[in-house]
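Trainee: this one's sequence-less:
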Ligand code: UD1
């Protein structure tokens, strides 16, 4: 029996673990999975609603570490997860993505000599001012099995000296979740609730520290949004971090005038929303991939991306956070017909099966 501890912490982890847990449960004659939630995200709208929407089993253990500075958060996960790992001997710890919980759990597992499998290994933005880049580099340096979503990730890892036997190109597991839930999402009434006809609005998400933590930058982005909003309404489910910053910089009232601000949406509602939008504006990692698969034009408000395939093959364009560039590119995108979707290699809905195959294979 393989004992596997799966760790999640923050919103973008949940859609990655869902199909993996599912696949492990299907192999319950050989695999005994445990699910640990670090509690990095804890609001109903940032956490619980994803477990419900995606039918993820309740976590076996919740570490309830909550918010804090990066070091505080990482340290709290490490202290709490070490106890879990001491009490529940495991053959593997599976970590996903690039959030603080991912790196923290990987360090603990490495120190206790438990093998680590990293789902979504090898992505690099090359930008170490981005907290996630540090998490990616550290997690990959410690991982024993590096499960990559695209071939560029393999190249990054090989360049960093990772042995090729440890790397397995499995494809993009987020897309497993997307395909599995598309039909269900069509039953969401979110468009009716917000009174938005399909294709007649833009959807936006924004929460990166580089965009929302500096008043000048955030105000500049709002300038661009005001201009775009005159042409098509922009719906903005607001991340709690961004809501706090808008309040702190006295920008809430201004932004409310030109954007439709709503609470963060669950997985199914959000999928129904952006998949029916004319254009997506975002600084998220996963949304760049999801819009690529669905062929929805996407502008990423960042100077770089760890997911270059979404630009090379998909619908994504990097526009940074200069107001004039954001507005110009948005208008250009709205003037262009929305082009066909081109789905990258192995973003086929079967990544989870390949992930669990690779873990079983590496255990022999
Ligand atoms: C984290 C991830 C980021 C991911 C994002 C998705 C890291 C370094 N960052 O960023 O990669 O894209 O999640 O959402 O791990 N808060 C709440 N309720 C919650 C969670 C957070 O109110 O349930 C507020 C708190 O004020 C907190 C702030 O949001 O301080 C930031 O949360 P944190 O987990 O530190 O990082 P995110 O910005 O969410």
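Mentor: Sure thing, it's come through. Everything quoted here is computed from the prediction, not taken from an experiment. Numbering: from 1, shown residues only.
Trainee: Can you pull the phi/psi pair for residue 191?
Mentor: phi -70, psi -40 (degrees, to the nearest 10).
Trainee: Quick check, it in contact with residue 197.
Mentor: Yes: under the contact definition of CB atoms under 8 Å, residue 191 touches residue 197, with a separation of 7.5 Å. All C-beta atoms are positioned from the backbone trio N, CA, C, and that covers glycine.
Trainee: between these two, who's got more neighbours?
Mentor: Set side by side, residue 191 and residue 197 show more neighbours around residue 191, with 18 against 9, by other CB atoms under 10 Å.
Trainee: interface residues of the stretch 201-350 of the chain facing the ligand?
Mentor: Along the stretch 201-350 of the chain, the residues adjacent to the ligand under the rule CB under 6 Å from any ligand atom are 207, 239, 240, 241, 244.
Trainee: Let's see the pLDDT reported for the residue in the stretch 201-350 of the chain that the ligand sits nearest to.
Mentor: Using CB to the nearest ligand atom, the closest approach of the stretch 201-350 of the chain to the ligand is made by residue 240 at 3.2 Å. What the model reports for residue 240 is a pLDDT of 97.
Trainee: Over to it: give its phi and psi.
Mentor: With angles defined as degrees, to the nearest 10, residue 240 shows backbone torsions of phi -60, psi -40.
Trainee: Same question for residue 300.
Mentor: Dihedral angles of residue 300 (phi, psi; degrees, to the nearest 10) stand at phi -100, psi 120.
Trainee: So it versus residue 160, what's the distance?
Mentor: With distances taken as CB to CB, to the nearest Å, residue 300 is found 24 Å from residue 160.
Trainee: more crowded one of those two?
Mentor: Between residue 300 and residue 160, counted using other CB under 10 Å, the more crowded position is residue 300 (24 against 12).
Trainee: and the helix-or-strand element of the chain with minimal mean pLDDT, which residues are buried?
Mentor: Here the helix or strand of the chain ranked lowest by mean pLDDT, DSSP states H and E is helix 252-258, holding a mean of 94. Judged by neighbour count (16 or more other CB atoms under 10 Å), helix 252-258 contains these buried residues: 255, 258.
Trainee: Quick one: name whatever helix or strand follows the particular helix or strand that has residue 311 in it.
Mentor: Using DSSP states H and E, residue 311 falls within helix 309-312. The C-terminal neighbour of helix 309-312 among helices and strands, as given by DSSP H and E, is strand 316-318.
Trainee: Touching, residue 218 and residue 246? I think so.
Mentor: Yes: using CB under 8 Å, residue 218 makes contact with residue 246 at a distance of 7.4 Å.
Trainee: Now the common contact residues for these two.
Mentor: Contact criterion CB atoms under 8 Å, 6 or more residues apart in numbering; residues shared by residue 218 and residue 246: residue 212.
Trainee: residues touching residue 180, list them.
Mentor: Residues in contact with residue 180 (CB under 8 Å, 6+ apart) are 19, 349.
Trainee: What is the burial count for the residue lying closest to the residue of the stretch 201-350 of the chain closest to the ligand once chain neighbours are set aside?
Mentor: Closest residue to residue 240 in three dimensions, ignoring its sequence neighbours and counting by CB to CB, 6 or more residues apart in numbering: residue 43, at 6.3 Å. By the criterion of other CB under 10 Å, residue 43 has 13 neighbours.
Trainee: Could you double-check that residue 43 sits in contact with residue 238?
Mentor: No: the pair formed by residue 43 and residue 238 falls short of the contact definition of CB under 8 Å, at 11.9 Å.
Trainee: Overlap in contacts, the two.
Mentor: Between them, residue 43 and residue 238 share the neighbouring residues residue 264, with contact defined by CB under 8 Å, 6+ apart.
Trainee: Show me what from the stretch 1-150 of the chain comes close to the ligand.
Mentor: Within the stretch 1-150 of the chain, the residues that sit near the ligand (CB under 6 Å from any ligand atom) are 10-12, 40-43, 46, 67, 99-100, 131-132.
Trainee: And the very next helix or strand once past the least confident helix or strand of the chain, what's buried?
Mentor: Moving toward the C-terminus from helix 252-258, the next helix or strand (DSSP H and E) is strand 260-262. Applying a neighbour-count criterion of 16+ other CB under 10 Å, one finds 260, 261 buried in strand 260-262.
Trainee: Secondary structure class of residue 299, three-state.
Mentor: Per DSSP: H, G, I helix; E, B strand; the rest coil, the local secondary structure of residue 299 is strand.
Trainee: quick one on the thing from earlier: let me see the residues that make contact with the helix holding residue 311.
Mentor: 150, 152, 288, 289, 291, 292, 298, 305, 316, 317, 318, 344.
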